[in-house]
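*Asks:* fold the stuff below for me.
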Amino acid sequence: MNGLIPSVGRILNGTLLLSCVAMLASSAQAEVPGTWYLDAQLNDVNFVDDRHGVAVGDHGAIWHTDDGGVEWKQIPSGTDAHLQSVYFADRRHGWAVGGHQQPYSSQTRGVVLTTSDGGMTWNTMPEQSLPKLTGVQFEDARHGWAVGHGSHMFPTGLFETTDGGRSWRSLPGTQNSRFQKFAMLTGGELLLAGIGGNLSLADRGGIRKPTILVDPLRDMQGIVVAGAKEATAVGEGGLILNSDNAGISWEVVAPTPLQQTDRQVDFYAVERLGNHIWIAGDPGSLVLYSNNGGQTFTTQKLPTTATIRAIFFHNETTGWAVGSLGTILYTSDGGQSWTLQRQGGQRLALLGIFHDATIIPYELASHHAGSQGYLTGLEVLNRPMPQTGTARPPLGDALRHSGGNFGHTAWQFPAHDAQLKLTVEQMTKSWDAANDGQGLAAAESYLVQRIRQWKPTVVVTDYADPTGKNPLAYMVNQLVLRAVEKAASADSFPEQQAELGLEPWTVARVCSVVPEGQNGSITLNATQISPQLAMSLSEHAGVSRGIATGQLVEAPSNMELKVLRSSGLIEGRLSNIFTGLSVPPGKGARRPPQQMSLVDLAQLQRSAQKRRNMVEMINHAVKDEQRGALLLGQMLKLSQDLPPARSVEVLSHLAAKANENGNLSLAADMHHQIVSTYPSHVLAERSAAWLLAYYASSEIQFLNRSSVEFASPTAPPPSPEDEQATQASEIATVSFDDPTNYTSPTKSPERAEKLIAQLNQTMPHVLADPSLAFLLERLHAEQGHSRQGESYIRRLLNLGQENAWCRRAQWELVLGRGNGRVDAPVVAANYGQSKPVLDGRLNDRIWQTGKPVDFQAGTLSPEAGAPPAAMIVGFDDEYLYLAIRCMKSKNFRYEPPGQRARERDADLQESDRVRIYLDLDRDYATSYCLSVDYRGRTADSLAENLAWNPNWYVAADQDASTWTIEAAIPFKELSGKMLEPGDTWGMAVQRVLVSEGTEAWPSSALFEMGPSEFGLLQFQ
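*Replies:* Presented below is the predicted three-dimensional model:
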């Protein structure tokens, strides 16, 4: 296979390289249209006296007042990051913190702003690779704390500064969490409020164990202290907790004014002065007030329904509240009456309600919200089950990038991975468990509440597939239609009117997104150029989709929608979803007209078309290795004419397609180009991780060796006189190791060493990624730097026992000392003197002497009626053997054994199947994946490379209650090394029952098990 191209400089000169890097660095904080600031959500407010105050929010919005809020002035912040918290240590010195979710990544990026003139001007602190921050407080002008997301370099989410925010250190902890807010106790301790109902104590020594985990479904959102020991914390689902011993213990308080709707309210804001407590949130139509320390509460009405994100009281009578749509409220009587000081909008024009963040039409938001100014919100009913360890998708950041106002995932509707394709009945079981057995009724009530709160003109939802292919989408579609009908009726859910102050609302139109390839009544051309966004809708929405999913995904060029209900008579096709509906600019649900900057529409159109053409070329060319090598040069040349952000997306798309189709050398070339040319782009981090695996993984290197041998000529080149007679089929594929093509070998320790040195300079946070520690250890060991390599493993020990990478580091240090007794899930492979006969019947001696290992809980458990499964592993000098017996599911229709010939990489998505993961070198980054179903049909891949096709042998059998598999995998298909006694591999096995769930060894609730969840396979 081909190596790397000889020189970047032959394609991109130094000046162009620097300009590309500069443009990419600035694009992360690109300016947003000015009208977006008017309705940007405000997340915090702080006053230094009764006249001077600052409110901060999304898109870097900062509003300042010097007259108590009679007039609020917008202050330039110099950032587009979403500011979450603001704090003043005195009249002049203040700090604001925030950040944003990075697209195509699970990581966030933080920002710290400072002011020394009372908030009139703000400066951004130097880049420190901080994650997104959500809370900040200072003792004085130099010493302060912040909380937020964890990251590779700052794992705990708690930070301290002693130089006024110029530098921060991550405080250690015994847990891994994400904290939303915190409060400072008089003794120097901190009370932390985090996700999953986490309330914890911390000091300068670090974070302690949680003092309480209220509810794993509900996140704690705010916390305050009063005096030395009194504290109040609030969270989702009406959570209110009080402590009278400085957070050592907590008591849950019932909000008595919300007897029927307490679980429907999410509290984000809390303020406390002595025994006076104010609490507000979503919906923002009310404030709960207590004058006796939370023993009882009364309701204070607000002149809005917009979500309240923060409350600040200067004294017991004077206070402010801020929230969605740029809302700022004021009270001078302790909250008995509230007046509106400013608001950028009164309601939504468009509300989207979907079942899955991965299928949301962000092009719709980019067009209507980003380009046309319609105020837009997004709701997703399903949140990941807590046991999966998967965070809620960052919908808020995704929709805000598209120009929308909020994206939200409801806490009370937990769900398993959509890829499991569970039935409606199975899905609603988890909803019932979180809603006192009334999951569907709770969902209907919740949707009615959201419609009444936001008063949308148009609602867009899932497509109801009549074939039943997506039952959850069908269910959400039907729930939305019923909720729209009931939201308009005063007889439905009267408690929402009585307790929450939400009046009935009539939606003018309901639409659904039609699947690709089907026609609707409205067409949105995603390739059209938006002058307001200075790019095509698909390009702009692609970033939003990358934020929400963490992936680079190409969406269709056109989007079709179908009108399900409308208040007026509709004939024929509509130009857009608002056709015939009155939503005037600047009138409550739509921004005022936006002054557009001058853009070259023709040039933007050419650029967008070129990008689409390049993606199409990639999809057709990467399967051909020779053509792919030629494509490399073409892509690099064509990409120079694209904006840098678009160029790196195209190169990344090419790399992914090349890897998927087995052209690893082309993929490596692309990734090197991205890392070298665009180091400031987040996709460069993914490229760097891929390259480290490419150079360190023994599985990938073995595949490369095999490919090179296959690609070498099998016959001498023909002489000139018989060249014409030679048939093309007799000539093997030319070797890409030929020095006339490329000079770099496939495996190059020098190039790997150079890559690490480059990452140390440009992306040090990538080298701090725990998932790459074992790769870095292997690469340093190959270079003769074993001690330095081991340091990457040892640093994982600081992550705490609850962290999966910490446990694997402990395993590796034990195994590295030659000790086979390790505290880990272990499968023992026993040596067989005689080979089994592969007939699927499991009556051979090797299975009689082997020890069965039961599959453990996944998304299914024995208590939930999961059909049990077990495996036995054996080996001899030539083969790895696996025997797997699975009890049949009562919910799956099994076909009788057939005679159809086995095919390569069969589609097993609708089958009862087992996936076997093998990580030979225990780099916990790359692994073989061999899949087999109850019929004996197989599929295989290596690190998303679908072109890896080993020769392995499988036999299947079944009876009325079980199905069994025998498999023999030749060691020569997996490794070029001889197996040694005591060898240990990483391993995981997972059974996937379509429309039912998973069970696995070791236990895992993820649909696709990653290397961080592997156990160990030991050869005895």
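
*Asks:* check contacts around Asp432.
*Replies:* Going by C-beta atoms under 8 Å, 6 or more residues apart in numbering, Asp432 touches 438-439. Heads up, the C-betas are built off the backbone N, CA and C, glycines and all.

*Asks:* from Gly157, how far off is Leu130?
*Replies:* According to C-beta to C-beta, to the nearest Å, Leu130 and Gly157 sit 11 Å apart.

*Asks:* who touches both of these two?
*Replies:* Taking C-beta under 8 Å, 6+ apart as the contact rule, Leu130 and Gly157 both touch Gly148.

*Asks:* more neighbours: which of the two?
*Replies:* Using other C-beta atoms under 10 Å as the criterion, Leu130 and Gly157 rank with Gly157 on top: 28 against 24.

*Asks:* grab the nearest non-local neighbour of the more buried one.
*Replies:* Gly150 (4.4 Å; C-beta to C-beta, 6 or more residues apart in numbering).

*Asks:* hang on, that neighbour packs against Phe159?
*Replies:* No: Gly150 is beyond contact range of Phe159, at 10.3 Å (criterion: C-beta atoms under 8 Å).

*Asks:* out of those two, which sits in the busier spot?
*Replies:* Neighbours were counted for Gly150 and for Phe159 using other C-beta under 10 Å; Phe159 has more, 25 against 21.

*Asks:* look up how far Tyr792 lies from the more buried one.
*Replies:* 23 Å.

*Asks:* poorly predicted segments of this structure, please.
*Replies:* Applying pLDDT under 70 to the chain picks out residues 1-31, 174-176, 569, 596-601, 614, 616-640, 706-748, 861-865, 898-901.

*Asks:* and Thr327, bridged to which residues?
*Replies:* Counting by DSSP bridges, Thr327 is bridged to Gly323.

*Asks:* that one: what's it in contact with?
*Replies:* Thr327 sits next to 42, 284, 304, 306, 308, 321, 340, 342-344 when contact means C-beta under 8 Å, 6+ apart.

*Asks:* and Phe493, how far from Ile547?
*Replies:* Taken as C-beta to C-beta, the span from Phe493 to Ile547 is 34 Å.

*Asks:* these two: which is more packed in?
*Replies:* With neighbours defined as other C-beta under 10 Å, Phe493 and Ile547 compare such that Ile547 has more, 26 against 23.

*Asks:* just checking, the more buried one is part of a helix?
*Replies:* Yes: with DSSP: H, G, I helix; E, B strand; the rest coil as the criterion, Ile547 is assigned to a helix.

*Asks:* and the spatially closest residue to it that is not a sequence neighbour, how many neighbours?
*Replies:* Excluding the flanking residues, the one nearest Ile547 by C-beta to C-beta, 6+ apart is Ala398, at 4.2 Å. By other C-beta under 10 Å, 26 other residues sit near Ala398.

*Asks:* Glu944 too?
*Replies:* Counted with other C-beta under 10 Å, Glu944 comes out at 12.

*Asks:* could you number the chain from 39 rather than 1 from now on?
*Replies:* Sure, I'll start counting at 39 from here, so that last one is Glu982.

*Asks:* that one contacts Asn699, correct?
*Replies:* No: at 10.5 Å, Glu982 does not count as touching Asn699 under the criterion of C-beta under 8 Å.

*Asks:* which stretches of the stretch 539-688 of the chain form strands?
*Replies:* For the stretch 539-688 of the chain, the strands defined by DSSP state E, counting those that start in this stretch cover 547-552, 560-563, 567-568, 573-574, 596-604.

*Asks:* so which of those is nearest Leu251?
*Replies:* Leu251 lies closest, by C-beta to C-beta, to one member of the strands of the stretch 539-688 of the chain: strand 547-552, at 37.7 Å.

*Asks:* quick check: angle from the closest one to strand 596-604?
*Replies:* Interaxial angle of strand 547-552 relative to strand 596-604 (axes from the mean of the first three to the mean of the last three C-alpha atoms, to 10 degrees): 150 degrees.

*Asks:* so in that sheet, which strands flank strand 547-552, and in what orientation?
*Replies:* Partners of strand 547-552 in the sheet, by DSSP bridges, are strand 496-499 (parallel), strand 596-604 (antiparallel).

*Asks:* deepest of the ones you listed, which one?
*Replies:* Among these, ranked by average contacts under mean count of other C-beta atoms under 10 Å, first place goes to strand 496-499 (a mean of 26).

*Asks:* put the alpha carbons of that strand into PDB.
*Replies:* What follows is strand 496-499, C-alpha atoms only, in PDB (Å, rounded to 0.1, in the frame of the first residue of the first chain):
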ATOM      1  CA  VAL A 496     -45.900  25.400  13.600                       C
ATOM      2  CA  VAL A 497     -45.000  22.100  15.100                       C
ATOM      3  CA  VAL A 498     -42.800  19.700  13.100                       C
ATOM      4  CA  THR A 499     -42.400  16.100  14.200                       C
END
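
*Asks:* can you give me how far it is from the chain middle?
*Replies:* When distances are taken as C-alpha atoms, centre = their mean, to the nearest Å, strand 496-499 is centred 24 Å away from the chain's centroid.

*Asks:* show residues contacting it.
*Replies:* Strand 496-499 has contacts (C-beta under 8 Å, 6+ apart) with 387-392, 399, 402, 489, 514-515, 518, 522, 545-551, 599, 615-616, 619.

*Asks:* try 6 Å
*Replies:* 388-391, 515, 518, 545, 547-550, 615 (C-beta atoms under 6 Å, 6 or more residues apart in numbering).

*Asks:* closest to Thr447 out of these?
*Replies:* Lowest distance from Thr447 to those (C-beta to C-beta) belongs to Ile391, with 11.5 Å.

*Asks:* so the closest one makes contact with Val518?
*Replies:* Yes: at 5.2 Å, Ile391 counts as touching Val518 under the criterion of C-beta atoms under 6 Å.

*Asks:* between those two, which one's more packed in?
*Replies:* More neighbours surround Val518 than the other of Ile391 and Val518, with 29 against 25 (other C-beta under 10 Å).

*Asks:* so the spatially closest residue to the more buried one that is not a sequence neighbour bridges to which residues?
*Replies:* Leaving aside its sequence neighbours, Val518 sits nearest to Thr499 (C-beta to C-beta, 6+ apart; 4.3 Å). Counting by DSSP bridges, Thr499 is bridged to Ile391, Ser550.

*Asks:* tell me how far Thr499 lies from Asn987.
*Replies:* According to C-beta to C-beta, Thr499 and Asn987 sit 42 Å apart.

*Asks:* and what of Val124?
*Replies:* Val124 is 57 Å from Asn987, where distance means C-beta to C-beta.

*Asks:* for Ala407, same thing?
*Replies:* From Ala407 to Asn987 the distance is 46 Å (C-beta to C-beta).

*Asks:* compare the two (neighbour count), which wins?
*Replies:* Using other C-beta under 10 Å, the more surrounded residue of Ala407 and Asn987 is Ala407, with 27 against 15.

*Asks:* where do the strands sit along the stretch 339-488 of the chain?
*Replies:* Counting by DSSP E, counting those that start in this stretch, the strands of the stretch 339-488 of the chain are 346-351, 357-361, 365-369, 377-380, 388-392, 414-418, 421-422, 444-447, 452-453.

*Asks:* this completes my enquiry, with thanks.
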